[in-house]
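>>> Whatever this is, show me its structure:
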Amino acid sequence: MRQNSIFVTGLAVFSGLTSFIFVYYAVGIFTADNPPEWSRVLAYVAAGYGLGNIYILSWAWRIRGTGATWANKLIALCFLGVFLLDRWKGGVESPMEYVGILTVAGVLLLNWFAVKKISERHTPEVKSSRPRR
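Below you'll find the model as predicted:
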């Protein structure tokens with residue numbers, strides 16, 4: 001039981017860190033000198049995904065159920081779609097760009113798995129010192 005708790009906590013920390021990385025990426029694009037319009041769109045979506053994933057993590061931590069898992073899947077697929085369009089629009093110049101696409105897809109999958117595991121975790125029963133009637 002303790003190993004599962006450590007695993008779920010590790011997934012939550014990983015998901016939180018990657019969410020902040022997405023927000024940091026977006027801030028980097030916003031502060032650049034004259035970024036292309038399409039890059040600004042990607043930055044808005046990246047910031048939205050990062051902040052949305054943090055909210056969904058806290059939602060999954062507080063409330064059990066499948067709502068958080070579905071919401072995370074929805075925003076992850078939307079972000080992946082925009083990211084793929086950005087790669088397609090810029091043109092694939094190197095096979096290493098496919099590694100980047102697979103890395104982003106893997107991070108999104110791990111974030112979804114983290115939310116799924118957090119929302120499925122079991123809380124220990126609180127024992128009352130009062131006798132039952």
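>>> Which helix or which strand is home to Ala47?
Under the criterion of DSSP states H and E, Ala47 resides in helix 37-62.
>>> in that helix, what's buried?
Along helix 37-62, these residues count as buried under the neighbour rule (16 or more other CB atoms under 10 Å): 39, 42-43, 45-54, 56-57, 59-60. In this view, the C-beta of every residue, glycine as well, is placed from N, C-alpha and C.
>>> Below-threshold pLDDT in the protein: ranges please.
Under the criterion pLDDT under 70, the flagged ranges of the chain are 1, 122-133.
>>> what about the helices in it?
Using DSSP state H, the helices found in the chain span residues 2-30, 37-62, 67-90, 96-120.
>>> Pick the most deeply packed of the ones you listed.
Mean neighbour count, computed with mean count of other CB atoms under 10 Å, is highest for helix 37-62 among those, reaching a mean of 18.
>>> Could you list every helix and strand in contact with that helix?
The criterion is 3 or more CB pairs under 8 Å, 6 or more residues apart in numbering; DSSP states H and E, and the helices and strands that helix 37-62 contacts are helix 2-30, helix 67-90, helix 96-120.
>>> From the contact counts, what lies against the second one?
What that stands for is helix 67-90. For helix 67-90, the contact count by 3+ CB pairs under 8 Å, 6+ apart identifies helix 37-62, helix 96-120 as packing neighbours.
>>> Name the surrounding residues that touch it.
22, 38-39, 41-42, 45-46, 48-49, 52-53, 56-57, 59-60, 97, 100-101, 104-105, 108-109, 111-112, 115-116, 118-119 (CB atoms under 8 Å, 6 or more residues apart in numbering).
>>> Could you pull up the residues touching the closest residue to Lys117 other than its chain neighbours?
When the adjacent residues along the chain are set aside, Lys117 lies closest to Val8, with 5.0 Å between them (CB to CB, 6 or more residues apart in numbering). Contact criterion CB under 8 Å, 6+ apart gives 114, 117-118, 121 as the residues in contact with Val8.
>>> okay, now Glu93: neighbour count?
If you count neighbours by other CB atoms under 10 Å, Glu93 ends up with 7.
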